[in-house]
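Peer 1: Could you look at this predicted model? Sequence included:
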Protein chains: 2
Amino acid sequence: MQSAVQLLADIDAEAPLELQPSLERSVNFRLRMAQILAYKSFEAKVPDHGGAARYLGLLSIICQNPGQSQIKLAEAVGLQRSSLVPILDKMEANGILERRAVDGDRRSNAVWPTDHGQAVVADLTAQALELETRTLDGLSAEETDQLLGLMDRVITNLRRG
Amino acid sequence: MQSAVQLLADIDAEAPLELQPSLERSVNFRLRMAQILAYKSFEAKVPDHGGAARYLGLLSIICQNPGQSQIKLAEAVGLQRSSLVPILDKMEANGILERRAVDGDRRSNAVWPTDHGQAVVADLTAQALELETRTLDGLSAEETDQLLGLMDRVITNLRRG
DNA sequence: ACTGGATTGATCGAAGTCGAACAATTGGAT
DNA sequence: ATCCAATTGTTCGACTTCGATCAATCCAGT
């Protein structure tokens, strides 16, 4: 059986290029490749909903934790708070979320989903689950659990890094 | 045991924000998070060598497959060929690689590493292996093999997606 | 009550990536 | 030989993210 670790060019190339053998055997390299493929796969097939598809993680957090400040949201998704501003601007303009004033702190905004935003998240989440199903095709329930558990341990290690 | 799947904010936050439960259990979400963490972890600790650290994968390919065209290199690392131009410009200016004329096709460039470029790749590859060791801390050899195998299957699935 | 440092959101410039162009070149069909 | 589509590298404008900075606001210490 051929290793799935080939370079991205292999998708439609004749003579695959090679990496240093030590990199080719690396989990980190696979992480990068899998993430790129998953990202492209998702964005390619999903209606954009005005920027929502790209930031489903963010929007999901907003729905599950309505009323958070922008700074907490930025931290939660690993963006700078300055990067979040135009993203929220766009989603607000598209009627997906609202910025509301916080009483007790006039610096802060509370970010709330609109009804439309909640519907969009539900739709996109369903499509993310479809991608998940495709991603895990052929893996048994036990193997899926193994993979999730091992990835959790890797993530814990990287956090401490 | 607590799940490693928390949002990135948890690194130094008090009250973790939550995702939709279905997303929280997802391999794709973990892929994204792990990749972000690994990327930051690597770039944070490694000397830049004039842009080489960021493009270790590319540089590794160039060393293992010297003389390739820019278009093949771009495909191999998943970049547009237009995006590769300033990257190669910079590395060429820093003496890490060369663009040589190809006899038989005057449109094409052959990209070759310099001696210095090869030394840089060796150095960076060693540091990538260190990150790999940290990433896999606590995993047995069998578990590491399991993880690599499962990720290969996931990647194969994503390719077909 | 006041002051100084911290926090929040916003703004700006720099850098990276993409996609649509473009010029030069190649190769195939006639 | 000649034309026309495809290929290669490049340039350009749009968009995204970051880091530094700013104004407004909050809060702790006095």
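Peer 2: Arrived safely.
Peer 1: Stretch A:143-160: which residues count as buried?
Peer 2: Going by neighbour count (16 or more other C-beta atoms under 10 Å in any protein chain shown), the buried part of stretch A:143-160 is A:144, A:146-159. Glycine gets a C-beta too; all of them are placed from N, C-alpha and C.
Peer 1: just stretch A:55-66 next, same as before
Peer 2: A:55-66.
Peer 1: hmm, that stretch in reach of chain B?
Peer 2: Yes: Stretch A:55-66 comes into contact with chain B (C-beta under 8 Å from any C-beta of the partner chain), by way of A:56-57, A:60-61, A:63-65.
Peer 1: Contacts for that stretch next, please.
Peer 2: A:52, A:68, A:73, A:76-77, A:84, A:87, A:91, A:96-97, A:110-113, A:117-118, A:120-121, A:124-125, A:128, B:7, B:17-20, B:23, B:29, B:32 (C-beta atoms under 8 Å, 6 or more residues apart in numbering or on different chains).
Peer 1: can you tell me which of the residues you listed are in helices?
Peer 2: Cross-referencing the contacts of stretch A:55-66 against helices under DSSP state H gives A:73, A:76-77, A:84, A:87, A:91, A:117-118, A:120-121, A:124-125, A:128, B:23, B:29, B:32.
Peer 1: Please give the element, helix or strand, for the most centrally placed residue in chain A.
Peer 2: Among the residues of chain A, A:Gly57 comes closest to the average C-alpha position under C-alpha atoms, centre = their mean, at 5.3 Å. Secondary structure from DSSP states H and E places A:Gly57 in helix A:56-64.
Peer 1: Quick check: mean pLDDT of that helix?
Peer 2: The pLDDT scores in helix A:56-64 average 95.
Peer 1: Does the residue lying farthest from the centre of chain A belong to a helix, a strand or coil?
Peer 2: Here the centre of chain A is the reference, and by C-alpha atoms, centre = their mean the most remote residue is A:Gly104, at 32.8 Å. Secondary structure, DSSP: H, G, I helix; E, B strand; the rest coil: A:Gly104 is coil.
Peer 1: Report pLDDT for it.
Peer 2: On the pLDDT scale, A:Gly104 is placed at 93.
Peer 1: What count of nearby residues applies to the residue of chain A at minimum distance from DNA strand C?
Peer 2: Nearest residue of chain A to DNA strand C (C-beta to the nearest atom of the strand) works out as A:Ser82 at 2.8 Å. By the criterion of other C-beta atoms under 10 Å in any protein chain shown, A:Ser82 has 9 neighbours.
Peer 1: SS state for it?
Peer 2: Strictly by three-state DSSP, A:Ser82 counts as helix.
Peer 1: show me the contacts for it.
Peer 2: No contacts exist for A:Ser82 under C-beta under 8 Å, 6+ apart.
Peer 1: could you measure it against A:Ala93, distance?
Peer 2: A:Ser82 sits 18 Å away from A:Ala93, going by C-beta to C-beta, to the nearest Å.
Peer 1: what does chain A put close to DNA strand C?
Peer 2: A:69-71, A:81-82, A:85, A:88, A:99, A:105, A:107-109 (C-beta under 7 Å from any atom of the strand).
Peer 1: So which of those residues wins on neighbours?
Peer 2: Ranking the residues of chain A next to DNA strand C using other C-beta under 10 Å puts A:Leu88 first, with 22 neighbours.
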